[in-house]
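# Got a predicted structure plus its sequence, pasted below:
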Amino acid sequence: MKAKARAYTNIALIKYWGKRDELLFLPTNNSLSITLDKFYTDTSVEFDASLKQDQFILDGQHVDSKELKKISAFLDKVRTSTGEVRFARVDSVNHVPIAAGFASSASGYAALAAAAMKATGSNISKRELSQMARQGSGSASRSIYGGFVEWQMGVQPDGSDCYAVPLLPQDAWDLRVLSIEVTHEVKKVLSREGMKRTVETSPFFTGWLEAVAADLIEAKQAISTRDFTLLGETLERNALRMHATTLGAEPPFMYWQSSTVKVMESVQALRQEGLEAYFTIDAGPNVKVVCQPHDEQGLLNELSKLDVVKHIYPCRIGPGITYLDL
Ligand code: DP6
């Protein structure tokens, strides 16, 4: 049986930063994201008894053996949970500007999990799908849903209570995200490695855990009352706190470049002038700016003037997993 699914990327407003179990992808804190409508991955999966090993074609090309190993390890999890024994042919197309550093393991593993589970013939709930996607990449657990999503860390050692839940549907609150590309360079410290090093060596990590719990409460309050100022202040602070932990790691590292800081400063200056926007940054130098619809054009005009800005991708809030015709 063959199946095809589409998953969109998401951007965390409250960050996932730290694992308590690396094998099962169990995080040290809850996180909260919005799914974006611009960037997505389409993946088809077919289990086939004639295959001698898994096959993975990404954007029309067979991937190298290292990448294939990762996908096979994930497919092993799908096989173990469903009783499927055949190898699979996986074909993935990323509608994400990879060169711009917006490549996303979140949309990739969410689409793969959805297509693979369907191709085995299993009919699982979104909650179970979120748990499966999580085991490819933590942030993928959130891309199962559209709109505002919370990934609950759970407390069970087997991860049975660790999954994402929807907070608000796609159309409930119209916020805009300007994805700002400042560089094409690939990141030096991958998020997986960066969060591991931080957990193991940064004295600031305990402070992060205390802070993130409080930030999550405020963000959820802001979402339930549609208080944009409260949400913005919370998300910007939370991003800064996440990045602060990396400076205390051994060896220390930093995802920002001078161009990143220029955009951050500009967003804060524009806010002083009345264009209300807040920034967030993931494990790389590019910046996402969150705003309300009435400020979007003004922000686009102003931020495009910065010499460090290569490209701006305006995004809206996007949908969850969809299954596509073959
Ligand atoms: C900074 O989900 O890419 O973007 O679970 O190791 O695959 P793995 O990590 P990943 O980490 C995302 C980190 C982040 C914050 C976030 O998306 O919450």
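Everything's here; your move.
# for L58, what are its contacts?
Contacts for L58 (CB atoms under 8 Å, 6 or more residues apart in numbering) come out as E67, S92, V93, N94. C-beta here means a position set from N, CA and C on the backbone, and glycine is covered the same way.
# Mind doing that once more with 6 Å?
Counting by CB atoms under 6 Å, 6 or more residues apart in numbering, L58 touches S92.
# List the beta-bridge partners for it.
Assessed by DSSP bridges, L58 has beta-bridge partners Q61, S92.
# How far away from the center of its chain is stretch 67-81?
Distance of stretch 67-81 from its chain centroid, counting by CA atoms, centre = their mean, to the nearest Å, is 20 Å.
# Check which helices and strands the helix or strand that contains R6 sits against.
Counting by DSSP states H and E, the element that carries R6 is strand 2-14. If contacts are counted by 3 or more CB pairs under 6 Å, 6 or more residues apart in numbering; DSSP states H and E, strand 2-14 sits against strand 31-48, helix 105-119, helix 205-225, strand 322-324.
# which stretches of the protein have low pLDDT?
In the predicted model of the chain, residues 98-101, 103, 186-187 satisfy pLDDT under 70.
# where does the residue lying farthest from the centre of it fall, helix, sheet strand or coil?
For the chain, the residue at maximal distance from the C-alpha centroid (CA atoms, centre = their mean) is S50, at 34.7 Å. Secondary structure state of S50, per DSSP: H, G, I helix; E, B strand; the rest coil, is coil.
# just to revisit the earlier point, can you mark which positions in the very next helix or strand once past the strand holding R6 are buried?
Proceeding N to C from strand 2-14, the next assigned helix or strand is strand 19-21, under DSSP H and E. Going by neighbour count (16 or more other CB atoms under 10 Å), the buried part of strand 19-21 is K19, R20.
# Need the residues that contact strand 19-21.
Outside of strand 19-21, the residues within contact range by CB under 6 Å, 6+ apart are L26, P27, T28.
# Next up, the contacts around I281.
Contacts here follow CB under 6 Å, 6+ apart; on that basis I281 touches A239, V287.
# Look up phi and psi at it.
In terms of degrees, to the nearest 10, the main-chain angles of I281 are phi -140, psi 140.
# ok, it to Q152 distance?
For I281, the distance to Q152 equals 24 Å [CB to CB, to the nearest Å].
# for the ligand, what are the nearby residues on the stretch 201-326 of the chain?
D282, A283 (CB under 6 Å from any ligand atom).
# now the strands for the stretch 201-326 of the chain?
277-280, 287-291, 311-316, 322-324 (DSSP state E, counting those that start in this stretch).
# Residues contacting the shortest one, please?
Read it as strand 322-324. K4, A5, R6.
# so which of those residues is the most crowded?
Of all the contacts of strand 322-324, the highest neighbour tally under other CB atoms under 10 Å goes to A5, namely 24 neighbours.
# Bridged to that one, which residues?
According to DSSP bridges, the residues that bridge with A5 are T43, Y323.
# what residues are up against it?
With contact taken as CB under 6 Å, 6+ apart, A5 is in contact with T43, A111, A114, A115, I321, Y323.
# what's the answer for D48, then?
The neighbourhood of D48, defined by CB under 6 Å, 6+ apart, consists of R86, R89.
# bridging residues for it?
Beta-bridge partners recorded for D48 (DSSP bridges): F87.
# Kindly provide the distance from it to the ligand.
Distance from D48 to the ligand, counting by CB to the nearest ligand atom, to the nearest Å: 28 Å.
# and if you look at E233?
18 Å.
# Kindly report the same for Y40.
Y40 is 16 Å from the ligand, by CB to the nearest ligand atom.
# quick one, what contacts the closest residue to that residue other than its chain neighbours?
Once flanking residues are discounted, Y40 sits nearest to Y8: 4.5 Å by CB to CB, 6 or more residues apart in numbering. Counting by CB under 6 Å, 6+ apart, Y8 makes contact with T35, L36, Y40, S107, G318.
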